[in-house]
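In: Model the structure of this input:
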Amino acid sequence: MHIALIGVGRVGQATAFALAHEPYIDELTLVDIAPKLAWAVAEEMRHARAGMHVPMEVNAFENVDEISNADIVVVMAGKPAAPRMGRRALVGANAKTIKSIAEAVTPRNPGARYVVVTNPVDAMATLFQKVSKANYVISSGCHLDTLRFRAEIAKQLKVPVNNVEGYVAGEHGDNDVFLWSTVKVGGESFDEYVKKRNLNVIKDTIVSAVHENTEAILEKLGGTIYGPATAFREIVRAIALNTHSLLSVGTPYKTSEIPEPVYVSIPLKLGMSIGPTIEHALTQEERRKLEEAAKAIYSTYKIAYESIAESV
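Out: You can find the predicted model right below:
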């Protein structure tokens, strides 16, 4: 299995290290425009892999058009969000990056599956698919938000995180949708679990903590690193091993209020193929919020598309 990572800044480096532990990957390609950066990270991965006593071919390039015959391409390049900046502020600069990558990488990688991570991720995935016309494009969407959600529930209820189910959907950003209808703790719904034990745990407090903790990490570390790397590894693993795991990633979603589909996260079975989603099982209010998220994502995508429209 040949995996390519485009963009090996801090999150890209952590993702490369996470993927270096995956036994099904026999070739890893790293690309970054910063001189010698991909080479340096590739050397680190070779050294790490030697300690695992498992061979892996590691390639390093500075141009995306040197990637060839990859099975999965993870698009991570672009300007990262600063603390309190908001992901949508990145749209103009990163749209140009996404366009250039989409045009360069798809001709040499027929049949590849693309995972877009660059923020604002849902608008960027929509743009990537529009430019590339690739058959399989997803955004990493709200899978990371889902992991943060589960971690906070486990923390506040004082239970092992592996006892917690539940998903975040919508936009990876301001219009995220916490799907409380999907939350189970030890097999019980959140409401049942809390009521039976007479716990004073408030849903809004959990949601606020998820948002505030993320901002606090950005301020202290300059960016989130290990959570994203783990989330992206899970997505790659689901595709590569065709596990059909239920993950909240972004795929095209259309409502009557927007003129074309945009990428919105809804939990779905992910593998070599995409779907189906669990949209039918969500509450009416949750589905309404998904439509609101789609409108917000379309507004961002429209700005992105207009910023590169003259050269499309």
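In: Contact partners for residue 27?
Out: Residue 27 is in contact with 1-3, 56-59, counting by CB atoms under 8 Å, 6 or more residues apart in numbering. Any C-beta I mention is one placed from the backbone N, CA and C, and that applies to glycine too.
In: Can you point out the buried residues in stretch 155-163?
Out: 157, 163 (16 or more other CB atoms under 10 Å).
In: hey, C-alpha coordinates of that stretch in PDB?
Out: Extracted in PDB, the C-alpha atoms of stretch 155-163 (Å, rounded to 0.1, in the frame of the first residue of the first chain):
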ATOM      1  CA  LYS A 155     -13.500  12.800  31.200                       C
ATOM      2  CA  GLN A 156     -16.700  14.300  32.600                       C
ATOM      3  CA  LEU A 157     -18.400  11.000  33.300                       C
ATOM      4  CA  LYS A 158     -15.200   9.400  34.600                       C
ATOM      5  CA  VAL A 159     -15.500   6.400  32.300                       C
ATOM      6  CA  PRO A 160     -13.000   4.700  29.900                       C
ATOM      7  CA  VAL A 161     -13.200   6.400  26.500                       C
ATOM      8  CA  ASN A 162     -13.700   3.100  24.800                       C
ATOM      9  CA  ASN A 163     -17.000   2.800  26.500                       C
END
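In: quick one on the thing from earlier: what subset of the contacts of residue 27 is buried?
Out: For the contacts of residue 27, a neighbour count by 16+ other CB under 10 Å gives the buried set as 1-3, 56, 58-59.
In: wait, which of the contacts of residue 27 is closest to residue 177?
Out: Proximity of the contacts of residue 27 to residue 177 (CB to CB) peaks at residue 3, which lies at 30.0 Å.
In: Next one: residue 258 relative to residue 92, how far apart?
Out: Separation of residue 258 from residue 92 (CB to CB, to the nearest Å) stands at 21 Å.
In: more neighbours, these two?
Out: Legend: neighbour count by other CB atoms under 10 Å for residue 258 and residue 92, higher for residue 258 (17 against 14).
In: Which of the three states applies to that one?
Out: Secondary structure, DSSP: H, G, I helix; E, B strand; the rest coil: residue 258 is coil.
In: quick one, which residue of the protein lies the farthest from its center?
Out: In the chain, the residue that sits farthest from the middle, by CA atoms, centre = their mean, is residue 198; the gap is 35.8 Å.
In: pLDDT wise, what is that residue at?
Out: Turning to residue 198, the model gives it a pLDDT of 95.
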